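# Requesting a structural model of the entry that follows:
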Amino acid sequence: MGSADNYSVIPILPPGIVMNATTGIITGAPLFEQPNNQYTITASNPFGSASTTIVIGVGTGFQYAMPPLTVPYNIVTGAATFVLPLTVEEIVGSVTNPMFSEIHGISAGIFFDPQMIDVVSVSVGSALAPMNGFQGPDFYLSTPAAGGGRTFGIIFSFSQSEILVASSASEWASVTFQSNPSFLQGDPDGESVPIVWDGTLGNPPVENVLVHDLQLEAVPDLIDTVINFVP
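Numbering: from 1, shown residues only. Predicted structure coming up:
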């Protein structure tokens with residue numbers, strides 16, 4: 001039969017996803033959530049055709065992220081302080097007709113080496129501060145983890161009257177850190193310190209999950225960070 005020179009698909013692929021009619025390569029980013037559906041791909045040339053069936057589903061996708069930071073420190077004392085925002089964003093939604101989820105609560109953990117840095121304070125993030133008449137979420141707990149790290153448990157409203165629609169990166173916590181002075185004291189070259197999302201901290205473990213549309217879902221996309229200390 002030889003190589004195919006034309007590809008077609010039935011039914012039409014989900015909005016935002018396209019197939020190259022010459023190569024058969026499927027690319028793009030989906031715009032809407034959609035349950036699993038079967039699609040028939042047909043490859044053809046002047047001598048005949050062949051078909052196969054694939055299944056495509058578009059689910060909700062969330063992302064927890066922390067930005068990288070460059071932080072100056074005092075070489076003599078080793079002192080440094082920085083504020084790290086923690087954000088959530090729904091990364092599947094419609095561009096022209098938003099269909100983003102209603103988020104009701106957040107659970108998360110971050111790990112860092114306490115011999116290098118430690119938490120000074122935790123504040124309610126800017127996206128949650130206006131909730132409940134600017135009283136913040138009904139339940140907001142941040143706890144140090146044994147061996148290093150911090151866990152978070154947040155319920156926006158026990159009556160479910162408060163929601164977060166994270167169509168863009170939305171700050172749910174603002175964490176102030178300080179360096180361990182002995183870590184940087186006298187260091188003329190600078191250091192890099194990772195902070196990573198960790199769903200194994202605590203007992204029982206505090207997982208990286210959130211509640212949206214009254215469903216509990218793991219957050220699949222976790223963006224860690226590196227803090228670069230410079231003298």
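
# residue ranges of the helices in this protein, please?
Ranges of helices in the chain, per DSSP state H, are 131-134, 181-184.

# Just tell me which of these ends up closest to residue 143.
Of all the helices of the chain, helix 131-134 sits nearest to residue 143, with 20.8 Å by CB to CB. C-beta: built from backbone N, CA, C; applies to glycine.

# by contact count, what packs against the closest one?
For helix 131-134, there is no helix or strand it packs on, judged by 3 or more CB pairs under 8 Å, 6 or more residues apart in numbering; DSSP states H and E.

# Pull the distance from it to the chain's centre.
24 Å (CA atoms, centre = their mean, to the nearest Å).

# who's in contact with that helix?
137, 138, 156, 157, 162 (CB atoms under 8 Å, 6 or more residues apart in numbering).

# For residue 61, state which of these is nearest.
residue 156 (20.4 Å).

# quick revisit: of the helices of the chain, which shows the lowest average pLDDT?
Of all the helices of the chain, mean pLDDT reaches its minimum on helix 181-184 (a mean of 92).

# Contacts only, for the residue positioned nearest the centre of the chain.
By CA atoms, centre = their mean, the chain has its centre lying nearest to residue 63, at 1.7 Å. The contact partners of residue 63, by CB under 8 Å, 6+ apart, come to 88, 89, 90, 91, 219, 221, 222, 223.

# Go ahead and confirm residue 22 touches residue 3.
No. Applying CB atoms under 8 Å, one finds residue 22 not in contact with residue 3, separated by 11.0 Å.

# I'd like the distance between residue 23 and residue 11.
Here residue 23 is placed at a distance of 20 Å from residue 11 (CB to CB, to the nearest Å).

# Repeat that for residue 177.
Counting by CB to CB - residue 177 and residue 11 are separated by 51 Å.

# what's the neighbour count on the closest residue to the residue nearest to the centre of the chain other than its chain neighbours?
Nearest residue to residue 63 in three dimensions, chain neighbours excluded: residue 221, at 4.0 Å (CB to CB, 6 or more residues apart in numbering). Residue 221 has 13 neighbouring residues, counting by other CB atoms under 10 Å.

# per-residue confidence at residue 221?
Taking residue 221 on its own, its pLDDT is 90.

# residue contacts, it?
Per CB under 8 Å, 6+ apart, neighbours of residue 221: 61, 62, 63, 64, 91.

# Tell me the spacing between the residue of the chain positioned farthest from its centre and residue 86.
The C-alpha centroid of the chain is most remote from residue 47, which lies 48.4 Å away (CA atoms, centre = their mean). Going from residue 47 to residue 86 by CB to CB gives 58 Å.

# Could you do residue 105 as well?
14 Å.

# if you count what's nearby, which of those two comes out ahead?
The neighbour comparison of residue 105 against residue 86 (other CB under 10 Å) goes to residue 86, with 24 against 21.

# Could you check how many residues crowd around the closest residue to the more buried one other than its chain neighbours?
Take residue 86 and drop its neighbours on the chain: the residue closest to it by CB to CB, 6+ apart is residue 173, 4.2 Å away. Residue 173 is flanked by 25 other residues according to other CB under 10 Å.

# picking that back up, of residue 177 and residue 11, who's got more company?
Neighbours were counted for residue 177 and for residue 11 using other CB under 10 Å; residue 177 has more, 22 against 9.

# and the more buried one, what does it touch?
81, 82, 83, 84, 112, 117, 118, 119, 120, 227.

# Which members of those residues occur in strands, if any?
Among those, the ones falling in strands (DSSP state E) are 81, 82, 83, 84, 117, 118, 119, 120, 227.

# Which of the contacts of residue 221 are buried, as a PyMOL select command?
Entered in PyMOL, the line below selects the buried ones among the contacts of residue 221, by 16 or more other CB atoms under 10 Å:
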select buried, resi 61+62+63+64
